[in-house]
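Colleague: whatever this is, show me its structure:
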Amino acid sequence: FAVDLMNRLLFIKFLEDKRIVRSDLLDTLADTYGDGTYTRSFYETFLDPLFYEVFNEKPENRDQRIADLDVYADVPYLNGGIFRPELDGTAVVDERDFDVRDSVLESIIDLLERYEFSADGGPTDIDPSVLGNVFEKTINYLTTDPGDRNADLGAYYTPSEITRFSAEETVRPALLERFKRVLADERGWPDVELDQYDALYELIDGLPGSGDLITTLLAELDSFYVVDPGIGSGHFLIPVVEEIVGVRQALYARMESHPGRHGLKKATVQHNIYGVDIMEPAVEIGKLRLWLSIIAELREDDVETLDVEELALPNITFNVRQGNSLIGYVGFPEETEDGLATFERWSEDSVRSRYEDLIEQIDAYEEYSAFPERAEGHRERAEELLTEYREELDDEIFEDFRAVVDGVTEDDLEAYTPFHWVLEFAEVYAEGGFDVIVGNPPWNRIKPSRDDFFSRYDPAFTGLRGGTKDAREEELLQQESVAEAWEEHQHDVQAQADYFRDSQTYSMQSAKIGGRTQSSERDLSALFFERVFNLTADDGYISQV
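Modeller: Presented below is the predicted three-dimensional model:
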C-alpha cells in the first residue's frame with residue numbers, strides 16, 4: 001500500500017506539472033482540509049475519493065457528491081490500473097480499510113509541491129528523467145539486504161547510455177530481419193535486393209510508397225514482443241519503448257496521416273512491452289514508469305481534444321507480472337517414454353488451444369481500457385482462469401521439487417511464487433514467443449543472509465560488527481520462535497539451491513574451461529542467463545548486462 005500510495009502521488013504531481021490537471025490540485029486539497037473541520041482523516045476525506053471515485057471513474061459515472069466539487073471538475077479519467085484497488089488472487093482488497101496520518105501526507109505533499117517536473121533548468125525544476133534514478137534507488141532499497149544499503153545504494157543504477165545501447169542493438173536488428181522476411185515471403189522481394197539494406201532505417205527509407213505495405217509492417221510491429229525478466233524499475237524497457245515508437249513514426253511518415261507520439265507510445269506499451277519481477281513493489285513501480293512515459297507525451301490541450309478512449313492509459317496488468325522468473329515452466333512439462341526425465345516444449349497452436357479462453361479474456365480486458373465496467377469483468381475472469389491453470393502447473397512443479405529436494409512442502413512452493421511463462425504470457429507464446437529479452441540480472445548468490453533475517457527481530461542488527469554481532473545472534477536464537485524461523489529460512493534457501501543444482505531445468509550451470517569443470521552453483525546471474533536463452537525465440541535477440 002505504501003508503494004502504491006507514493007506511486008499515485010507522484011503520478012498526480014506529474015499530471016499537475018504537465019497541466020493535465022490543475023497545477024495545484026494536491027495543495028488545494030490539503031489547504032481545503034486544513035481550513036475545514038472534518039471528522040475523518042485527510043486521506044479518507046479527499047485522497048481516497050480522488051483515487052477511486054475520480055481518476056477511476058469516467059466523469060459521467062461519478063457520484064453526484066463528487067461531481068459537484070469544483071476541485072475535481074476537470075480531472076480526466078486516466079486509470080489503466082494505477083487507481084484500481086489491488087488484487088489478492090481473484091478478490092479485490094478493500095484499500096479503504098487503510099489510512100495515513102495527516103502529518104505524513106502533509107509532509108509528502110509539501111515536499112512534492114516545492115518542485116516541478118520540467119527540463120527547463122530552473123532552480124526548482126526536476127528533469128523527468130531523474131525519476132528513473134529515484135525508482136531504481138527505491139527498488140534497491142526494497143530488495144537489498146539491510147546491511148548493504150548504506151554502502152551499495154545507487155551502485156546498481158544502470159547508466160542510460162547502456163540501456164539505450166541495449167535497446168538499439170536488439171530492437172533494430174530484430175525488426176530488420178522481421179521486415180525482410182515479410183518483404184520476401186509476402187511481397188516476393190529477391191534476396192539480392194534485401195541484402196543491400198544493412199540497417200533498419202535504410203530499409204524503411206527504401207520502401208515504396210504503398211499504404212498497404214506500410215499497414216502490413218505496422219501490423220507486424222503489434223506482434224513484436226520484448227520482455228525484461230527482472231524488470232526492477234523498468235529502466236531497461238523505457239529505451240525499448242522509444243526505439244519501437246521511433247520505428248512506428250518512421251513507417252507512419254510514409255503515409256498521409258498518422259497518430260501523435262502519445263498514441264504511438266500508448267500502442268507500444270500495450271502491445272510490445274512485458275516484464276516480470278519477484279518483488280510486487282517493483283512490478284508496480286515498473287508499471288508506473290511505463291504509464292509516465294505515455295503521460296509525458298501529452299500536452300495541456302490534449303485533455304480537450306482527445307476522447308476518453310484515446311486519453312485512457314493502457315491496461316497492462318497482464319503485461320507486467322509478479323513472480324519468480326527462475327522457478328516455473330517455460331513450456332509444457334512432458335515425460336520421456338521411459339518416464340525417467342521431464343522436458344518442456346510448446347508450439348503456438350498448443351498454447352492457443354490450451355489457453356484460448358484465457359487469451360480471449362486478456363485481449364478483451366486490454367481492448368476495453370476506456371470502459372472500466374466491461375474491462376473489470378474480463379480482468380476478473382482472466383484472473384480466475386489463471387488461478388485455475390496455475391494450480392495444474394504448480395502440481396507438476398511441486399513433483400519436480402520433491403524429486404530433488406528433501407522435505408519441501410506445498411507451502412514452500414507457494415512462497416517461491418513460481419512463474420509459468422507459457423501460461424502467464426500465453427498471448428505472447430501463441431504468437432511465437434519473445435523476440436527480444438533485455439535486462440540486468442541479479443548479481444548475487446543464493447545463500448542465507450544473517451542481516452536480512454535477524455534485522456526482522458532487531459533493526460539495529462545490521463549495524464553491529466564482529467563479536468558483538470555474533471553475540472546478538474546467539475541471544476536472539478535463545479528465543480524458540482526465532483530459532484525455528486532461522487532454521488526454516490536456511491532450509492528455504494537450501495531447497496532452492498538444491499532445485500537449481502539437481503533438477504533438469506538448468507543444465508548449463510557447469511562448464512569445462514581448460515579441462516576443468518567450473519561450476520556456477522548458486523549464482524543467480526548464471527541461472528538468469530540460462531533461463532533467458534530458453535525463453536527467447538529461435539531468431540530472437542538478447543541483451544543482458
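
Colleague: walk me through the domains of the chain.
Modeller: Following automatic domain parsing, one gets these domains for the chain: 2-128, 160-441+529-544, 450-522.

Colleague: what about the last one, average pLDDT?
Modeller: Regarding domain 450-522, the rounded mean pLDDT is 85.

Colleague: and that domain, how far from the chain's centre?
Modeller: 27 Å (C-alpha atoms, centre = their mean, to the nearest Å).

Colleague: now the second one
Modeller: Using C-alpha atoms, centre = their mean, we find the averaged C-alpha position of domain 160-441+529-544 to lie 11 Å away from the chain's own average C-alpha position.

Colleague: got it, and stretch 444-463?
Modeller: 27 Å.

Colleague: pull the CA atoms of it into CSV?
Modeller: Output of stretch 444-463 as CSV, limited to C-alpha atoms (Å, rounded to 0.1, in the frame of the first residue of the first chain):
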residue,chain,number,x,y,z
ASN,A,444,24.3,-12.2,-6.0
ARG,A,445,24.3,-15.7,-4.8
ILE,A,446,21.7,-18.0,-3.2
LYS,A,447,22.7,-18.1,0.4
PRO,A,448,21.1,-17.3,3.8
SER,A,449,21.6,-13.7,4.9
ARG,A,450,22.1,-13.1,8.6
ASP,A,451,21.5,-9.3,8.2
ASP,A,452,18.3,-9.9,6.2
PHE,A,453,16.9,-12.4,8.7
PHE,A,454,17.9,-11.1,12.1
SER,A,455,17.1,-7.5,11.3
ARG,A,456,13.5,-8.5,11.4
TYR,A,457,13.8,-9.1,15.1
ASP,A,458,16.4,-6.4,15.9
PRO,A,459,16.6,-3.4,13.4
ALA,A,460,20.0,-2.5,14.9
PHE,A,461,21.5,-5.9,14.0
THR,A,462,22.8,-4.8,10.6
GLY,A,463,25.0,-2.1,12.2
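
Colleague: grab the longest strand from the protein for me.
Modeller: In the chain, taking DSSP state E as the definition, the longest strand is strand 536-544.

Colleague: please identify the buried residues of that one?
Modeller: Within strand 536-544, the residues that count as buried by 16 or more other C-beta atoms under 10 Å are 536-537, 540-544. Just so you know, the C-beta spots here come from the backbone N, C-alpha and C atoms, and that holds for glycine as well.

Colleague: what of stretch 490-509?
Modeller: Buried, per 16+ other C-beta under 10 Å, within stretch 490-509: 491, 493-501, 503, 505-506, 509.

Colleague: state the pair within the residues you listed that is farthest apart.
Modeller: Greatest spacing in the buried residues of stretch 490-509, by C-beta to C-beta: His491 and Gln509 (21.4 Å).

Colleague: okay, which residue is most central for the protein?
Modeller: Val320 (3.6 Å; C-alpha atoms, centre = their mean).

Colleague: okay, and the beta partners of that residue?
Modeller: Beta bridges link Val320 to Gly275 when assigned by DSSP bridges.

Colleague: can you list the domains of the chain in CSV and add distance to Val134?
Modeller: Shown next, in CSV, are those (distance: least, C-beta to C-beta, whole Å):
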stretch, distance to Val134
domain 2-128, 9
domain 160-441+529-544, 8
domain 450-522, 23
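
Colleague: neighbouring strands of the longest strand of the chain in the sheet, and parallel or not?
Modeller: strand 434-439 (parallel).

Colleague: who touches the longest strand of the chain?
Modeller: 166-167, 169-171, 173-174, 177, 432-441, 528-529, 532-533 (C-beta atoms under 8 Å, 6 or more residues apart in numbering).

Colleague: go through those residues and flag which are in strands.
Modeller: 434-439.

Colleague: check which helix or strand covers the residue nearest to Val408 when sequence neighbours are not counted.
Modeller: Of all residues not flanking Val408 in the chain, Phe401 sits nearest, at 4.7 Å (C-beta to C-beta, 6 or more residues apart in numbering). Using DSSP states H and E, Phe401 falls within helix 372-404.

Colleague: and if you look at Gln504?
Modeller: Here Gln504 sits in a region with no helix or strand, counting by DSSP H and E.

Colleague: can you report phi and psi for it?
Modeller: Torsion angles at Gln504 (phi, psi; degrees, to the nearest 10) stand at phi -80, psi 0.

Colleague: and Tyr389, how many neighbours?
Modeller: 19 (other C-beta atoms under 10 Å).

Colleague: isn't it up against Val422?
Modeller: No - under the criterion of C-beta atoms under 8 Å, Tyr389 makes no contact with Val422, lying 9.8 Å away.

Colleague: what comes into contact with stretch 285-293?
Modeller: So stretch 285-293 is contacted by 3, 7, 10-11, 14, 80-82, 128, 131-132, 135, 138-139, 231-235, 237-238, 241, 265, 269, 273, 275, 277, 313, 316, 320 (C-beta under 8 Å, 6+ apart).

Colleague: buried among these? Make that a PyMOL selection.
Modeller: To isolate the buried ones among the contacts of stretch 285-293 in PyMOL, judged by 16+ other C-beta under 10 Å, type:
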select buried, resi 3+7+10+11+14+80+81+82+128+131+132+135+138+139+231+232+233+234+235+237+238+241+265+269+273+275+277+313+316+320
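
Colleague: out of the contacts of stretch 285-293, list just those in strands.
Modeller: Per DSSP E, the subset of the contacts of stretch 285-293 in strands is 273, 275, 277, 320.

Colleague: out of the residues you listed, who's nearest Phe55?
Modeller: Closest approach between these and Phe55, by C-beta to C-beta: Val320, at 19.3 Å.

Colleague: wait, the closest one sits on Met279?
Modeller: No - the criterion here is C-beta under 8 Å, and Val320 misses it with Met279 at 12.0 Å.

Colleague: what residues are shared contacts of the two?
Modeller: Common neighbours of Val320 and Met279 (C-beta under 8 Å, 6+ apart) do not exist.

Colleague: sorry, back to before: can you give me the buried ones in the helix holding Phe401?
Modeller: 372, 375, 378-383, 385-386, 389-390, 393-394, 397-398, 400-401, 404.

Colleague: just checking, next helix/strand downstream of that helix?
Modeller: helix 410-415.

Colleague: got the buried residues for that next one?
Modeller: By 16+ other C-beta under 10 Å, the buried positions in helix 410-415 come out as 412-413.

Colleague: now that helix: mean pLDDT?
Modeller: 91.

Colleague: can you name every helix or strand that whichever helix or strand comes after that helix contacts?
Modeller: Downstream of helix 410-415, the next assigned helix or strand under DSSP H and E is helix 421-424. Judged by 3 or more C-beta pairs under 8 Å, 6 or more residues apart in numbering; DSSP states H and E, helix 421-424 is in contact with helix 348-367, helix 372-404.

Colleague: Glu487: which of those helices is closest?
Modeller: Per C-beta to C-beta, nearest to Glu487 of these: helix 372-404, 18.8 Å.

Colleague: just the angle between the closest one and helix 348-367, please?
Modeller: Angle of helix 372-404 versus helix 348-367, following axes from the mean of the first three to the mean of the last three C-alpha atoms, to 10 degrees, is 140 degrees.

Colleague: where do the helices sit along the stretch 51-200 of the chain?
Modeller: Secondary structure of the stretch 51-200 of the chain (DSSP state H, counting those that start in this stretch): helices at 64-67, 102-112, 130-143, 149-152, 160-187, 191-194, 200-205.

Colleague: quick one: contacts of the second one?
Modeller: What it means is helix 102-112. 6, 9-10, 13, 26-27, 30, 33, 41-43, 47.

Colleague: could you flag which of the residues you listed are buried?
Modeller: Of the contacts of helix 102-112, these count as buried by 16+ other C-beta under 10 Å: 6, 9-10, 13, 26, 30, 33, 41-43, 47.
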